[in-house]
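# coordinates for the following, if possible.
(one chain, ligands or ions: 2)
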Amino acid sequence: MTSGRFITLEGGEGVGKSTQARMLVDALRGRGLGVVQTREPGGTPGAEAIRDLLLDKRFDWDTRAEALLFAAARSDHVRNLIGPALDRGDWVVCDRFIDSSRAYQAGGGEWSDDAVLSLHTLGSHALMPDVTFLLQAPTDEIAERLHARDGENSDRIGGKAAAYHARVAEHFRKMAQTDPERFVIIDASGTPGEVHDRIMRAMAPFTGEGG
Ligand SMILES: Nc1ncnc2c1ncn2[C@@H]1O[C@H](COP(=O)(O)OP(=O)(O)OP(=O)(O)O)[C@@H](O)[C@H]1O
Ligand SMILES: Cc1cn([C@H]2C[C@H](O)[C@@H](COP(=O)(O)O)O2)c(=O)[nH]c1=O
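Numbers count the residues shown, from 1 in each chain. Ligands and ions are numbered 1, 2, ... in the order given. Okay, here's the model as predicted:
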């Protein structure tokens, strides 16, 4: 049996991560693999409760409180869902993980990348994904998707200024450049099917299906 892999999807708001996570999970299950689909912040009852707090516009969390809450949610998620799934040999497909904290709380906010990674070491034994798909698409294409999905309603973090999201995007780019062994940049423009095909081509070394 192929041993499980930990796969994450990352990128800015509305780029298509959840859509691609679902399609990837279906494709892997179609190959007979045991797959756990999850997301961050969230994935366990406790972490989902922290998600509600983090995204609620009534609260004005500063970057420090935000980073700590994301790390706490992740710690619970890793201990109670991701870790046990990987120990069983299941595959885990996770919509956002530590790289979102690095991009949003360090890149977008006031924390350093090292500080965010230290919290991850404390909270989640520094667990890292085997592969991370970083989805990127032109800003106008993403804006259309977000408008169709959310109208004028965005959550507390999604609704931050464009300059904040530009810093987040830049931090994602830098991480991918610095760690090309783990990151695969995926062109997320075009139809969901086209994007899925790009991801499945990049998955070939992991599914053992050749180039
Ligand atoms: N390739 C695509 N082409 C057109 N629309 C898409 C594509 N992929 C996703 N969508 C649509 O765009 C919207 C955003 O997609 P999705 O929710 O998958 O993005 P996301 O990256 O998970 O967003 P968020 O980070 O805000 O949760 C959804 O309405 C989805 O149906
Ligand atoms: C894991 C994680 C997430 N965020 C931000 C990114 C988004 O704005 C929201 C999550 O909502 P989505 O539906 O998944 O887009 O939270 C963050 O700032 N830091 C993190 O570690």
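
# got the buried residues for the host helix or strand of Pro84?
Per DSSP states H and E: Pro84 is located in helix 83-88. In terms of neighbour count (16 or more other CB atoms under 10 Å), helix 83-88 has its buried residues at Gly83, Ala85, Leu86. C-beta coordinates here come from the backbone N, C-alpha and C atoms, glycine included.

# distance check, Gly109 against Arg79.
25 Å (CB to CB, to the nearest Å).

# what do you get for Phe59?
25 Å.

# same drill for those two, tell me which one is more crowded.
Arg79 (15 against 12; other CB atoms under 10 Å).

# mind listing what the more buried one touches?
Ser124 (CB atoms under 8 Å, 6 or more residues apart in numbering).

# give me the pLDDT for it.
Listed pLDDT for Arg79 reads 98.

# can I take it that it is in a helix?
Yes. Assigned with DSSP: H, G, I helix; E, B strand; the rest coil, Arg79 falls within a helix.

# adjust the sequence numbering to begin at 99 for everything that follows.
Got it, the first residue is 99 from now on, which makes the last one we talked about Arg177.

# follow-up on the earlier one: and which of the buried residues of helix 181-186 is nearest ligand 1?
When the buried residues of helix 181-186 are compared for distance to ligand 1 (CB to the nearest ligand atom), Ala183 wins out at 20.6 Å.

# pLDDT score assigned to Glu208?
85.

# the worst-scoring helix or strand of the chain on mean pLDDT: how far from the chain's middle?
Taking mean pLDDT, DSSP states H and E as the measure, the chain has helix 237-248 as its least confident helix or strand, at a mean of 92. In terms of CA atoms, centre = their mean, to the nearest Å, the centre of helix 237-248 is found 19 Å from the chain centre.

# ok, that helix near ligand 1 or not?
Yes. Using CB under 6 Å from any ligand atom, helix 237-248 reaches ligand 1 at Arg243, Ala246, Arg247.

# now which of these would you call buried?
Counted by 16+ other CB under 10 Å, the residues of helix 237-248 next to ligand 1 give Arg243 as buried.

# any chance of the residues of helix 237-248 next to ligand 1 in TSV, with distance to ligand 2 too?
Below are the residues of helix 237-248 next to ligand 1 laid out as TSV (distance: CB to the nearest ligand atom, whole Å):
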residue	distance to ligand 2
Arg243	12
Ala246	15
Arg247	10
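
# between the residues of helix 237-248 next to ligand 1, which is nearest Glu292?
Arg243 (14.2 Å; CB to CB).
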